[in-house]
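Chemist: Have a look; sequence and predicted model below, questions after that.
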Amino acid sequence: MSKYAVDERGYYGKFGGAFIPEMLYPNVEELKNNYLEIIGDPDFQEEFRALLKDYVGRPTPLYFAKRLSEKYGAKIYLKREDLCHTGAHKVNNTIGQILLAKRLGKKKIIAETGAGQHGVATATVCALAGLECKVYMGAVDMERQKPNVERMRILGAEVIPAESGSRTLKDATNEAMRHWINNPQDTHYIIGSVVGPHPYPDMVTRFQAVISEEVKKQLKEAEGRENPDYVVACVGGGSNAAGIYYHYLDNPDVKIIAAEAAGKGVESGETAATTFKGTPGVLHGSMTLLMQTTDGQVVEPYSISAGLDYPGIGPLHAHLFETGRAKFIAVDDENSMKAGIELSRLEGIIPAVESAHAFSALNQLDLNENDVVVINLSGRGDKDLQTYINWGKY
Ligand SMILES: *Cc1c(COP(=O)(O)O)cnc(C)c1O
């Protein structure tokens, strides 16, 4: 068995598990006892694959970026998750979870969202499946991310403001959890990354693993080999990264690179670079690395990119860091914006600011001209136009 797969207790090495209030136990237990069987069922796979193909638009292309390759002196391929319906990889997971929820007999869906991207991906699949959708979102975030709030409403979701605490993502998560505790029979909670109590990190990884499954086939066609020398992704919670790493984890020839958001700098006090500043602790139901004070209070993260602005990483990634299997690189706001503009100018692709962090990692790799590099272009930059405008240097 893989050293990097979850064990039967829900752990990756010393990270993972399910640290949940007793009241949540039955819900998580129901999921844990059923998810593998449901996902493994051929009918489920058939329906999942059909929607990925005809609704999401998969397989997404693996594009050889010629001008970017010339610039960095290596063969660079982009996995085009930006071409997925709704504009990013997140929908791969929400499609999987909505089909699972239906098979568990659930009638209603809840989710939490920070910037609104996962909320939109969830509202989308709820409309698709005809299930009721409530999305918890911090009141402060609702103000900052109005277009996504309206997108969710157009799709028929109810957006519920979280008015407690700092009125941001963690408060929205708390309120979603509370709702789930009170509605265990008919409700499924769709988590948006490889975080949360077991089995969520493993379940979400399995849904996103379609990314590297496709890369293997596509690279074989393009280069005559399945394995690149490097696979690169940005890590917020870590779902797009888990997806593109998954089929390479046990292949030590493939170097795994994770780009974290340094914000204004790793030592600035305004950062989201978890492996640089984090320590082991429990966040959102699992043992992982997170940024916290010495007495265990979660430190507010900061990044220019809303999708990477998270105080922890999923337990799989904490394990990849601890074992040295993945190399973590910190990319600050300024360098991510430069990389975003560079990709726009060299390839005609404006990336999401999250994905731009992965591209900036190219500057920190020691590349040879025969190296094959696959970068996960996790999302498109349309949603970030205002961020590019505010930065202004283009
Ligand atoms: C949400 C998001 C991310 C970060 O989430 P992960 O779970 O780390 O993948 C990265 N890129 C884009 C485009 C996103 O929308």
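Modeler: Nice, thanks for sending it over. Since we're looking at a predicted model, the values are computed, not measured. Numbering: from 1, shown residues only.
Chemist: burial measure for the spatially closest residue to residue 337 that is not a sequence neighbour, as a count.
Modeler: In space, and not counting its chain neighbours, residue 337 is closest to residue 391: 4.7 Å by Cβ to Cβ, 6 or more residues apart in numbering. Any C-beta I mention is one placed from the backbone N, CA and C, and that applies to glycine too. The local packing of residue 391 (other Cβ atoms under 10 Å) involves 18 other residues.
Chemist: Now do the same for residue 391: its pLDDT.
Modeler: Predicted confidence (pLDDT) for residue 391: 96.
Chemist: Now it: phi and psi?
Modeler: When quoted as degrees, to the nearest 10, the phi and psi of residue 391 stand at phi -70, psi -50.
Chemist: do you know how far residue 190 is from the ligand?
Modeler: Between residue 190 and the ligand the computed distance is 13 Å (Cβ to the nearest ligand atom, to the nearest Å).
Chemist: Could you pull up the contacting residues of that residue?
Modeler: Under the criterion of Cβ atoms under 8 Å, 6 or more residues apart in numbering, the contact list for residue 190 reads 93-94, 97-98, 101, 109-111, 118, 122.
Chemist: Quick one: the strands in the stretch 101-250 of the chain, in order.
Modeler: With DSSP state E, counting those that start in this stretch applied, the stretch 101-250 of the chain shows strands at 108-113, 132-138, 158-162, 187-189, 230-234, listed in chain order.
Chemist: Save those strands as a markdown table, and put in mean neighbour count too.
Modeler: Output for the strands of the stretch 101-250 of the chain, formatted as a markdown table (neighbours: other Cβ atoms under 10 Å):
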| stretch | mean neighbour count |
| --- | --- |
| strand 108-113 | 25 |
| strand 132-138 | 24 |
| strand 158-162 | 18 |
| strand 187-189 | 23 |
| strand 230-234 | 28 |
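Chemist: In a markdown table, list these along with distance to residue 360.
Modeler: Putting the strands of the stretch 101-250 of the chain into a markdown table (distance: least, Cβ to Cβ, whole Å) gives the following:
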| stretch | distance to residue 360 |
| --- | --- |
| strand 108-113 | 26 |
| strand 132-138 | 28 |
| strand 158-162 | 32 |
| strand 187-189 | 34 |
| strand 230-234 | 9 |
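Chemist: Quick check: the closest residue to residue 126 other than its chain neighbours vs residue 158, distance?
Modeler: By the measure of Cβ to Cβ, 6+ apart, the closest residue to residue 126 outside its immediate chain neighbours is residue 133, 3.6 Å from it. Computed as Cβ to Cβ, to the nearest Å, the residue 133 to residue 158 distance reads 7 Å.
Chemist: do the same with residue 151
Modeler: Distance of residue 151 to residue 158, computed by Cβ to Cβ: 13 Å.
Chemist: and if you look at residue 368?
Modeler: According to Cβ to Cβ, residue 368 stands 53 Å off from residue 158.
Chemist: And the strands of the stretch 101-250 of the chain: which comes nearest residue 336?
Modeler: Of all the strands of the stretch 101-250 of the chain, it is strand 230-234 that lies closest to residue 336, at 8.7 Å by Cβ to Cβ.
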